Each structure stands twice: as C-alpha cells, then as structure tokens.
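[1] Here you go, sequence then predicted model.
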Amino acid sequence: MKKVILLLIRLGSGILMFMQGYEKLTGGFAIDGLVPVVIQNQDSPEWYKWFFEHLVASFIPAFNWLVPLGEIAIGLALIFGVMTYTASFFGAFMMLNYILADMIFSYPTQLFFFIIILMNKQTIQQLDLRLLYRLRKRRGNGHVAHPDRG
C-alpha cells in the first residue's frame with residue numbers, strides 16, 4: 001500500500017511539475033517582471049532579496065530558460081521514475097524558492113509531497129535500481145546488483 005501511495009504522489013507531482021514547466025516554456029515566461037516585486041516585497045527575507053537583486057537580475061535570460069526547463073526535467077524524472085530522489089530534492093528546492101518569493105499558490109502542498117518522497121529514500125532508490133537493473137540486463141553490459149539479492 002505504501003508503494004502505491006508513493007507512486008501516486010510521485011506521478012501526480014511529476015505531471016504537475018511537467019505541466020507548470022511546459023506552460024512557462026510555451027507561454028513566454030519572463031522572470032524580469034518578478035525581480036522588482038521580490039526586491040520590494042516585505043515578506044521575503046533580506047538575503048533572498050539580495051539574491052534576486054544581484055544574481056537573478058544579472059542573469060535574467062538564463063533564468064528565463066532554467067526555471068521552465070528545470071520544472072520539465074523534474075517532472076519527467078518523476079513521471080518515469082528515474083533519479084526520483086534527486087528530482088524530488090530539486091523540486092523541493094524550487095518550491096522553497098517560490099515560497100520565499102511570496103508566491104503562495106499550490107507550492108506549499110507541492111513542497112509537502114516532495115518532502116514525503118524525500119522521506120522515503122529507501123523505497124524510491126529500490127524502484128530506481130530495478131529500472132537500472134532491467135536496462136543494463138537488456139543491454140548486456142555492466143553489472144548492477146539486483147535490488148532483491150543485494
């Protein structure tokens with residue numbers, strides 16, 4: 001039952017992240033409108049305002065691509081169950097950034113689901129190892145210990 005619940009959380013989080021990234025990528029996402037808002041925001045921490053003012057503002061074209069492509073990559077990794085722990089870590093990191101920017105929408109809920117995935121590292125790694133084992137077995141190269149046999 002635990003694995004089924006984790007699967008549903010992983011797939012739901014992955015689909016949501018993929019959709020958010022795809023909408024930003026195809027919808028002309030631009031972070032330059034967010035920079036002055038975060039800098040003037042009373043609820044954002046001072047160090048985060050400094051980060052936005054000095055780093056994000058200096059590399060706006062890069063962040064315009066990094067944010068949607070990062071969300072798409074996280075979403076695909078979660079959907080396909082590849083590097084799930086790493087994808088969940090970066091998903092939680094992105095959600096924390098949205099929360100620090102005072103963009104409170106569904107992000108706290110998404111952060112909660114990423115934390116659930118991160119707290120179940122052993123189960124997640126077993127699923128990733130099974131996939132890796134099957135891929136290497138099919139290709140016939142390399143040795144990966146079977147998750148059930150150690």
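    Sure thing, it's come through.
[2] Phi, psi for A30 please.
    phi -140, psi 120 (degrees, to the nearest 10).
[3] For the residue nearest to it when sequence neighbours are not counted, what is the enclosing helix or strand?
    Spatially, and ignoring its direct neighbours in sequence, A30 is nearest to N64 (5.8 Å; CB to CB, 6 or more residues apart in numbering). The C-beta positions use only the backbone N, C-alpha and C, and glycine is treated the same way. Element membership for N64 (DSSP states H and E) is helix 60-80.
[4] Report the mean confidence score over that helix.
    Averaged across helix 60-80, the pLDDT comes to 95.
[5] Put the alpha carbons of that helix into PDB.
    Extracted in PDB, the C-alpha atoms of helix 60-80 (Å, rounded to 0.1, in the frame of the first residue of the first chain):
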ATOM      1  CA  ILE A  60      17.700  37.100 -16.500                       C
ATOM      2  CA  PRO A  61      18.000  35.400 -19.900                       C
ATOM      3  CA  ALA A  62      19.500  32.300 -18.200                       C
ATOM      4  CA  PHE A  63      16.800  32.100 -15.500                       C
ATOM      5  CA  ASN A  64      14.100  32.500 -18.200                       C
ATOM      6  CA  TRP A  65      15.200  29.200 -19.600                       C
ATOM      7  CA  LEU A  66      16.400  27.500 -16.400                       C
ATOM      8  CA  VAL A  67      13.100  27.700 -14.500                       C
ATOM      9  CA  PRO A  68      10.800  26.100 -17.100                       C
ATOM     10  CA  LEU A  69      13.400  23.600 -18.300                       C
ATOM     11  CA  GLY A  70      14.200  22.600 -14.600                       C
ATOM     12  CA  GLU A  71      10.500  22.100 -14.000                       C
ATOM     13  CA  ILE A  72      10.100  20.000 -17.100                       C
ATOM     14  CA  ALA A  73      13.200  17.900 -16.200                       C
ATOM     15  CA  ILE A  74      12.000  17.300 -12.600                       C
ATOM     16  CA  GLY A  75       8.500  16.400 -14.000                       C
ATOM     17  CA  LEU A  76       9.900  13.900 -16.500                       C
ATOM     18  CA  ALA A  77      12.200  12.300 -13.900                       C
ATOM     19  CA  LEU A  78       9.300  11.800 -11.500                       C
ATOM     20  CA  ILE A  79       6.900  10.500 -14.200                       C
ATOM     21  CA  PHE A  80       9.400   8.000 -15.500                       C
END
